[in-house]
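Colleague: compute the structure for the input listed below.
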Amino acid sequence: MTATDTQVRISMRERLQGKSQEQAAAKANLRSRKTVAKYERLRQLPSQRKQRRSYRTRRDPFAADWPQAEALLAGAPELEAKTLFDWLCEQAPGKYQAGQLRTFQRRVATWRALHQAQVAVLEQVHRPGEVLQTDGVWLTELGVTIQGQPLAHLFIHSVLPYSNWEWGCLAQSESLAALQLGLQATLSRLAAVPRFHQTDNSSAATQNVSASDSTTPQAQRGYTEGYLHLLAHYGLEPRLTHRQAPQENGDVESLHGGFKQALTQHLLLRGRRDFDSLTAYSLFIEGVLTQRNAARQVRLAEELAVMKSLTVAPLAAVRSYRVRVSRNSLIRIERNHYSLPTSLIGCLVNVQVHEWHLDVGYGSQTVLTLPRLRGHGQQQINYRHLVDSLLRKPGGFRDYRYREALFPRLVFRQAWERLNRWLSPRRADLAYLRILRLAAQTLESDVAAALAQLLPCAEPWDETAVEALLPRRVPPVPEVQRGVVSLAAYDQLLQEGPYVRH
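Modeller: Residues are numbered from 1 along each chain as shown. Reported below is the predicted structural model:
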C-alpha cells in the first residue's frame, strides 16, 4: 500500500522526537521501516512525487470526427456541445451512443479552455460621489395588479456605485420621459448631484450617428438632444457604456436582481399583490428601497460630502400637443389613436402627455383624462364616445376599422355573433348597437350579466330582452325638512324702519 502524506508526516515527526525508524513506522501505521528510510532520504511527500499522466488510458472514440467538430467550433464558437454531438450522430448513424455525450461535452470544454479567447471583465475602482448609474428593469413578472388589472411596468433604477445607494420611479417604458422622471426622483431624494450620469445605449439617451454627421464610425451612438438638455439642467456630464457591454453598468445591473428579490419577498409578506392605485404601489416600493438603503448610510455620507448641492427645480416631465379632433372623433398622439366625445369633432384640443396618462383640454378646461398607450400603432377607442354616431349610421359598424374595440368584453362579442346568426346583418348590427348604448347609459357590468343569462337560451332574443333583465335602480328621493316659519320675524323688520338705499 502506498504511503500517504499524513503517514509520512507522522513518521517524520516521530523521528524528530528521537524514535527509531521501526518505532516511527509503527506509529504511522507503515508496514516497513524501509518506507521511513526512503522518505527521509528523498525529503519529499508522496504527493510531491506524483507525475501528471500525459497519455490516454483508453481509445478516443471521437478521434476520427474531432477535426470536423473542431472546425465547426472555430467557425461558430456559440455552438453547444449537445448540438455538435447530435450533428455527429446524424453524420454517422449508429456510431455513437447517448452515454457518450458527457465525454464529448468534456472534450468541447477542454477545447474552449485552451483555444477560445474571452474578454476579461476589468474590476473598476469607484470614487465617492463621482457617478450615478441608471438603467431600467422590468417588473411585470412580479404579477402586480392595480384594482385587479395586470400592470405592465418597469422601474427606472438609479444607483451610486460607491455606496450602492439606490432609488428611482415606476414607468411604462424606457423612454426619455421615463428616464427624466427616474433621474429627477433620484436627485430630489439625494438633494445632491454627482459629476457624471452613466447609462447604456438605449434609445432614451442615445441615437445612431451617421458618418456624415460625425467623424466617428457609423456604428457609434451619440446622445440625443433631449438627454443632453436634461443633464445640462442639472450640471451633469454624460458617460456612456460600450455597446453590448452591460457589465460596464455593473453596479446597477447587479442590483437589479437583489431589488426584484426584495420586492418579491415583501410582496409575499404583504400577502397579496393587488394595490388600490399606482400611488400606493409606488409608496410600497419606496418603503422597500428605504429599508435596503438603511445599511448604506455611512458610505452615502462620504458621497454626499463631495457632491454638489441640488439647486435647480425639476423640469416638467410633460409633452404638450395641440391637435384637431378628426371627423372620426379621434386624435393622433405620438403615433397612437385615442377617441374623444363627438362634441369635440373639428375642435382644437390641448393634450398634455404624462408618463401614465393624457390630459385632454379644451380652452382652459380639462375635459378628459385617458390612460397613455405604450408603443406605436395602438388604439384606445371608447365605445361610449361613438355608439350614438353608430346608431345613426348602423351600416358603418360591420366594417368599422376599430370594430374590435366595440366589444368591451367577450360576452358582448358572443352576443353579437348570436344576433348575427338569428337576424339579418342590418337588424343584428342595430340590435347590438342598442345593447351597447344600454351599457353606455347604465352599467356595463349589469348589461354583461344580462347577456350571460341570455346566451344559453335557444330562443332568439334582442335588445328588449336585455333591457328587461337589467336591475331597476331608482334613485333615492331626498327627504326635505320643512322649516318652521315665524311671522314675528317679519314684524321685527317693519319696526326697524324703511329700507334706505345708499
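Colleague: domains of this structure?
Modeller: If you go by automatic domain parsing, the domain ranges for the chain are 5-48, 66-115, 131-209+218-309, 319-380, 387-469.
Colleague: out of the ones you listed, which is closest to Asp491?
Modeller: Asp491 lies closest to domain 319-380 among the domains of the chain, at 48.9 Å (Cβ to Cβ). In this view, the C-beta of every residue, glycine as well, is placed from N, C-alpha and C.
Colleague: mean pLDDT and distance to Ser54 for the domains of the chain - can I get that in a markdown table?
Modeller: Shown next, in a markdown table, are the domains of the chain (pLDDT from 0 to 100; distance: least, Cβ to Cβ, whole Å):
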| stretch | mean pLDDT | distance to Ser54 |
| --- | --- | --- |
| domain 5-48 | 90 | 18 |
| domain 66-115 | 92 | 14 |
| domain 131-209+218-309 | 89 | 38 |
| domain 319-380 | 93 | 61 |
| domain 387-469 | 91 | 71 |
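Colleague: could you dump those domains into JSON lines with mean neighbour count added?
Modeller: Listed next are the domains of the chain as JSON lines, based on neighbours: other Cβ atoms under 10 Å:
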{"stretch": "domain 5-48", "mean neighbour count": "15"}
{"stretch": "domain 66-115", "mean neighbour count": "13"}
{"stretch": "domain 131-209+218-309", "mean neighbour count": "17"}
{"stretch": "domain 319-380", "mean neighbour count": "15"}
{"stretch": "domain 387-469", "mean neighbour count": "16"}
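Colleague: I'd like the ones you listed as TSV, with distance to Val125 appended.
Modeller: Below are these laid out as TSV (distance: least, Cβ to Cβ, whole Å):
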stretch	distance to Val125
domain 5-48	40
domain 66-115	29
domain 131-209+218-309	10
domain 319-380	36
domain 387-469	56
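Colleague: Arg56: which of those is closest?
Modeller: Nearest of those (Cβ to Cβ): domain 66-115, 11.9 Å.
Colleague: what is the end-to-end distance of that closest one?
Modeller: Start and end residues of domain 66-115 are separated by 15 Å (Cα to Cα, to the nearest Å).
Colleague: thinking again about what came up before, which of the domains of the chain sits closest to Val484?
Modeller: Closest approach to Val484 among the domains of the chain is made by domain 387-469 (41.1 Å; Cβ to Cβ).
Colleague: wait, is Leu358 part of a strand?
Modeller: Yes: counting by DSSP: H, G, I helix; E, B strand; the rest coil, one finds Leu358 located in a strand.
Colleague: ok, what's across the strand from it?
Modeller: On the basis of DSSP bridges, Leu358 is bridged to Val353, Leu370.
Colleague: wait, it sits on Ile331?
Modeller: No: applying Cβ atoms under 8 Å as the test, Leu358 and Ile331 come out as separate, 9.2 Å apart.
Colleague: for Asp60, find the nearest of the domains of the chain.
Modeller: Of all the domains of the chain, domain 66-115 sits nearest to Asp60, with 7.6 Å by Cβ to Cβ.
Colleague: circling back: give me the common contacts of Leu358 and Ile331.
Modeller: Shared contacts of Leu358 and Ile331, defined by Cβ atoms under 8 Å, 6 or more residues apart in numbering, comprise 338, 351.
Colleague: Leu493: which of the domains of the chain is closest?
Modeller: Of all the domains of the chain, it is domain 319-380 that lies closest to Leu493, at 43.1 Å by Cβ to Cβ.
Colleague: Ala317 in helix, strand or coil?
Modeller: Following three-state DSSP, Ala317 is assigned to coil.
Colleague: against Leu433, how distant is the residue lying closest to Tyr383 once chain neighbours are set aside?
Modeller: Leaving aside its sequence neighbours, Tyr383 sits nearest to Leu406 (Cβ to Cβ, 6 or more residues apart in numbering; 4.9 Å). Distance from Leu406 to Leu433, counting by Cβ to Cβ, to the nearest Å: 8 Å.
Colleague: give me the common contacts of the two.
Modeller: By Cβ under 8 Å, 6+ apart, Leu406 and Leu433 have these common neighbours: 387, 390, 397.
Colleague: surely the last one meets Leu390?
Modeller: Yes: shown here, Phe397 and Leu390 form a contact pair, counting by Cβ under 8 Å, at 5.2 Å.
Colleague: and for the two, which residues touch both?
Modeller: Common contacts of Phe397 and Leu390 (Cβ under 8 Å, 6+ apart): 406, 433.
Colleague: for the longest helix along the chain, packing partners?
Modeller: For the chain, the helix with the greatest residue count under DSSP state H is helix 250-270. Judged by 3 or more Cβ pairs under 8 Å, 6 or more residues apart in numbering; DSSP states H and E, the packing partners of helix 250-270 are strand 131-138, strand 154-160, strand 165-171, helix 278-293.
Colleague: distance to Gln352 for those - can I get that in CSV?
Modeller: As requested, the helices and strands packed on helix 250-270 are exported to CSV (distance: least, Cβ to Cβ, whole Å):
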stretch, distance to Gln352
strand 131-138, 23
strand 154-160, 20
strand 165-171, 17
helix 278-293, 18
